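Asker: With the sequence up front, the predicted model follows.
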Amino acid sequence: MHAFLVTLILFTGAVLASLALLIALNKAGREGREHLDRRRRHILEPAVFRYIHETGHRALPNYLPKSLSRRDRRVAEAVLLDAARLVRGEARDRVTAAFEALGSVRDAILGLRSQRWWKRAESAERAGLMGSQSAVEPLVAALGDDEGEVRIRAARALGLVRGSTSIRPLVGALADPNRWSAIRVAEILIGVGPEAVGELLAAYDRLPVAGRVSALDILGRIRSLEAVPLLKRTLNDQHPDLRARAAYALGLIGDPAFVAVLIEALRDVEWPVRATAAKAIGRIGGRAAIPALCEALKDRQWWVRANAGEALRLLGPEGRDALIAMLEADDTYARHQAVAQLEEGHIIDDYIADLGSPDESRRSAAVRFLEKVIALQRHERLTQQSVEHAQEGIRRTLLKILNRPLPEGGT
Amino acid sequence: MLILQSVLGEIVLAFNRAVIYYFIALNGVYLILFVISLIEVRRFVKRTFFSDYEQILRSDMTWPISIIVPAHNEARNIIETVRSLLNVNYGQFEIIVVNDGSTDLTLERLIETFDLKRTDKIYRRALPTGPVRGLYATLEYPKLLVIDKERAGKADALNAGINVSRYPLYCSVDADSIIEENALLRVVKPFMEHPEEMVAVGGIVRIVNGCEVRDGRVARIGLPRRALPIFQVVEYLRAFLSGRIGWSTLRSLLIISGAFGLYRKSEVIAVGGYDRWSETEDLQLVLKLHENLRRNKRPYRIVFVPDPVCWTEVPSTFRVLARQRNRWHRGLLQSLWSHRRMLFNPTYGIIGTLALPYFLIFETLGPFIEILGYIMLALSWALGLLNTDFFLLFLVFAIFFGVFLSVAAVLLEEISFRRYPNWEHLATLVLIAILENFGYRQILSLFKVKAFWDFLRRRRAWGRMEREGFHPAPPPPPARPNPAGGAPDTQGAPGARGAS
């Protein structure tokens, strides 16, 4: 029994020691590999860059040591992949030629047929950066891969290799319930630009709601005028997410002619639509919307009031005047939002500065304005300035105004 | 006398046999969880490589998130916490700090630092809460909103934050924790990958004691100098990397740490939000979500992802650790009791038949069996029933498994996330993984037994966490003189988080 016990203790110790050794070996191996890679890179990188920037016809292997180890090939490929992201023109062609000379393109094409999805995805990514035309056909085939990640990489790679990607599979991918993938697809399509618009418009009605939301966002960010009829039509869609996205997209496109339909959207039953419509008007800057924005300052939803207030503030002097007029609105929330926006736009500070003006009428106007703000009990900025303002005269005047009793009817 | 001794002997032997079966079952579960975690971590790391976070970050379509930070007497930390949250790398988000009736200067410091003003925001009280005294906001920091409410506990503060929040997803973050700048992006990923089914996602909590913190960010990762927090580093690695990944893969995750978790608001409201009476409102909420979704036979996911990191401070004295663990264990007991109808109930699928029974048999009763085992050991020796060889055999196995699981957790860390980069760190972690089995784990069992006793006596206490504060990063190098002869060409040394 004792012998067995001792054996067991030894065995246990050995297992634990092996585990600790495994950790140490894993770390040492990784750090060792990284160290060696860095050393080889230090040697190979100048040669690769010399090759890239020369104009002769000598291939990359002529610039590298005669016998290239597998590590050297891997390191040279890594340098080239980094360079491929940076260089353009003839240098870019030389980088592609270097990949072909090293056999990297062949490896990437073989990798696209790997059993492991991440190998296929990685190979598609590398093939795209390598820019070789011989990879086009395998990449097109990879657009039908079972794994979404591989399809996205292949689509992006095709965009890099031949300057235009296959738009249709990408638009189809917007229907993917995985929004993480859909966003990345959307970013690729936004990169494609106006070329993608036709396919997006054709596919729109076939897409599920989430896909349509993405499509509207893409059309807005591409700023496609071709999409305007669809966007306007969508403002009447049953689904509030789509109405909100359409309003947002119209704001991104930014044509002042959209203000009329956006004013309509400010009366939508769903607050996200009203809020995005207000935001869109603020972006476009339509002065015709001032009355509707003033009305939206009284909305039940804070988001709508905040966006409407911001839109007014961004409208310049007319918007500022509207905000000042709203200080006397019959709605408390509208008055408070107006003060907040006037403060954000430094208009309250301008009036405070006017207290020191030699012009009597400006001083009086400033006092009247500031009294309105105080009556709304939104005088934090004024209190602060009564202590911190650089001019002593203004500090004294502010204190005097702040200490006056509120006028009759003041809230 | 002889009969009594004989009966006692039979009892002791029967108990010893039961302990052996129990031990085999417990370590079997641990081993299975570790193997599952090992496979899952490797898959996770591979998939993360292709995440394109930058692309997602730039997109307008990334889902907005409300971050809710309940704060009670956090004047020391709250400004740094809010600053760190304002700097989070994410598209659209809002930060809602809920001042839960603080008696220190938490609210005043927030108002003063961020120039907050009372605001008129209208919101729907979807969840009942204690009285809200006011809301504060500023246009200078449009993402920030502060709720000032009367003291009613963390659960109530979270419910108030949910009521006021604007976005469909909310992230609960403790006021004394730091989330890494990409943490939101990483924790939202499962929601965007499975938008129909995802209900809650938990991130990993790591220990900030010993790290250097600058501007609300962990500037240099280090290990604590004191022994007790280092034990907890290994314990957390085991719990998160071996435990939660395994349970998450089995779709049986019961705990999402209150320090950092992302939830679908509508589902949380549907189950009535957080329970004020619960000692561990996070566990209670997750159990309620499971119960509701399983009962309604809806497909859903509640998962753990190991790379969105939240750094938090852990107790560095036994007194505070005892209080913390007492509360955790009482909370577990409360939650198990309030969901006892789910136990061994196949209606609730794997939750009712595997996860909850595990928590009952191993997490709740485990400490008792362990402590009883020590008593029985003494009794066996006194009665002359102790088979020394067998005892040593058992001891070797018990220690071996304990050490194996802890060292394996360090291995998981090393092959996956590698947050502790130095050889010295690694050696310390392996050493601590061995040493924690000789005393530390037994002490934790004692804390749990005491918690059970307190639970039976219905004794409630949150247990104040006494903080040392985060270690500030060393000050930046001396400023070069400004050639123009003006002020030095540097900003002031950033404030450390509440160094005491």
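Answerer: Everything's here; your move. Numbers count the residues shown, from 1 in each chain, chains lettered A, B, ... in the order given.

Asker: What's the mean pLDDT across the helix or strand hosting residue B:409?
Answerer: Residue B:409 is located in helix B:388-415, with elements delineated by DSSP states H and E. Helix B:388-415 shows a mean pLDDT of 84.

Asker: would you say residue B:68 is within a helix?
Answerer: No: applying DSSP: H, G, I helix; E, B strand; the rest coil, one finds residue B:68 to be strand, outside a helix.

Asker: in the sheet, who's paired with it?
Answerer: Residue B:68 has these beta-bridge partners by DSSP bridges: residue B:96, residue B:172.

Asker: so how many other residues sit close to it?
Answerer: By other C-beta atoms under 10 Å in any protein chain shown, the residues close to residue B:68 number 25. Every C-beta, even on glycine, is put in place using the N, C-alpha and C of the backbone.

Asker: got it, and residue A:44?
Answerer: Using other C-beta under 10 Å, residue A:44 is surrounded by 21 other residues.

Asker: list the helices and strands the one helix or strand it maps to packs on?
Answerer: Taking DSSP H and E as the definition, residue A:44 sits inside helix A:2-53. Packing partners of helix A:2-53 (3 or more C-beta pairs under 8 Å, 6 or more residues apart in numbering or on different chains; DSSP states H and E): helix A:70-84, helix A:89-102, helix B:388-415, helix B:423-435.

Asker: quick check: angle from it to helix B:423-435?
Answerer: Between helix A:2-53 and helix B:423-435, the angle comes out at 160 degrees (axes from the mean of the first three to the mean of the last three C-alpha atoms, to 10 degrees).

Asker: what's the closest non-adjacent residue to the one residue in the stretch 201-350 of chain A that gets nearest to chain B?
Answerer: Chain B sits closest to residue A:344 of the stretch 201-350 of chain A, with a gap of 4.0 Å, by C-beta to the nearest C-beta. Excluding the flanking residues, the one nearest residue A:344 by C-beta to C-beta, 6 or more residues apart in numbering or on different chains is residue B:139, at 4.0 Å.

Asker: In contact with residue B:253, which residues?
Answerer: Contact analysis of residue B:253 by C-beta atoms under 8 Å, 6 or more residues apart in numbering or on different chains lists B:202, B:244, B:247, B:286, B:302-304, B:355.

Asker: I'd guess it is in a helix, am I close?
Answerer: No: looking at residue B:253 with three-state DSSP, it is coil, so not inside a helix.

Asker: For the helix or strand residue A:249 falls within, output the C-alpha coordinates as CSV.
Answerer: Element membership of residue A:249, judged by DSSP H and E, is helix A:240-253. Output in CSV follows, covering the C-alpha atoms of helix A:240-253 (Å, rounded to 0.1, in the frame of the first residue of the first chain):
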residue,chain,number,x,y,z
PRO,A,240,-41.5,52.4,-37.5
ASP,A,241,-37.8,51.4,-37.7
LEU,A,242,-38.0,51.7,-41.5
ARG,A,243,-39.7,55.1,-41.3
ALA,A,244,-37.1,56.3,-38.8
ARG,A,245,-34.2,55.0,-41.0
ALA,A,246,-35.7,56.6,-44.1
ALA,A,247,-35.9,60.0,-42.3
TYR,A,248,-32.3,59.6,-41.2
ALA,A,249,-31.2,58.7,-44.7
LEU,A,250,-32.9,61.7,-46.2
GLY,A,251,-31.1,63.9,-43.6
LEU,A,252,-27.8,62.3,-44.7
ILE,A,253,-28.5,63.0,-48.4
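
Asker: In that helix, which residues have enough neighbours to count as buried?
Answerer: A:241-253 (16 or more other C-beta atoms under 10 Å in any protein chain shown).

Asker: Give the burial count for residue 319, as a bare number.
Answerer: No chain in the question, so chain A it is. 24.

Asker: not what I meant, chain B
Answerer: Residues near residue B:319, counting by other C-beta under 10 Å: 10.

Asker: tell me which element it falls in.
Answerer: Per DSSP H and E: helix B:318-338 holds residue B:319.

Asker: That helix packs against which elements?
Answerer: helix B:227-237, helix B:281-295, helix B:440-456.

Asker: can you put these in a markdown table and add distance to residue B:123, mean neighbour count and mean pLDDT?
Answerer: As requested, the helices and strands packed on helix B:318-338 are exported to a markdown table (distance: least, C-beta to C-beta, whole Å; neighbours: other C-beta atoms under 10 Å in any protein chain shown; pLDDT from 0 to 100):
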| stretch | distance to residue B:123 | mean neighbour count | mean pLDDT |
| --- | --- | --- | --- |
| helix B:227-237 | 36 | 21 | 93 |
| helix B:281-295 | 21 | 22 | 96 |
| helix B:440-456 | 36 | 17 | 90 |
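
Asker: which residues of the stretch 301-411 of chain A fall in helices?
Answerer: Using DSSP state H, counting those that start in this stretch, the helices of the stretch 301-411 of chain A run over residues A:302-314, A:317-325, A:332-344, A:347-354, A:360-375, A:380-388, A:392-403.

Asker: Lowest average pLDDT across those?
Answerer: helix A:380-388 (a mean of 82).

Asker: Name the residues of it that come out as buried.
Answerer: Result for helix A:380-388 [16+ other C-beta under 10 Å]: buried residues A:380-382, A:385-386.

Asker: So what touches that helix?
Answerer: A:343, A:348-349, A:352, A:370, A:373-374, A:394-395, A:398-399, A:401-402, B:115, B:117.

Asker: then that helix to CSV, C-alphas only?
Answerer: These are the backbone C-alpha positions of helix A:380-388, laid out as CSV (Å, rounded to 0.1, in the frame of the first residue of the first chain):
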residue,chain,number,x,y,z
GLU,A,380,-27.1,77.9,-13.1
ARG,A,381,-25.0,79.5,-15.8
LEU,A,382,-25.8,82.9,-14.7
THR,A,383,-24.9,82.1,-11.1
GLN,A,384,-21.7,80.6,-12.2
GLN,A,385,-20.8,83.7,-14.3
SER,A,386,-21.8,86.0,-11.4
VAL,A,387,-18.8,84.5,-9.7
GLU,A,388,-16.4,83.7,-12.5
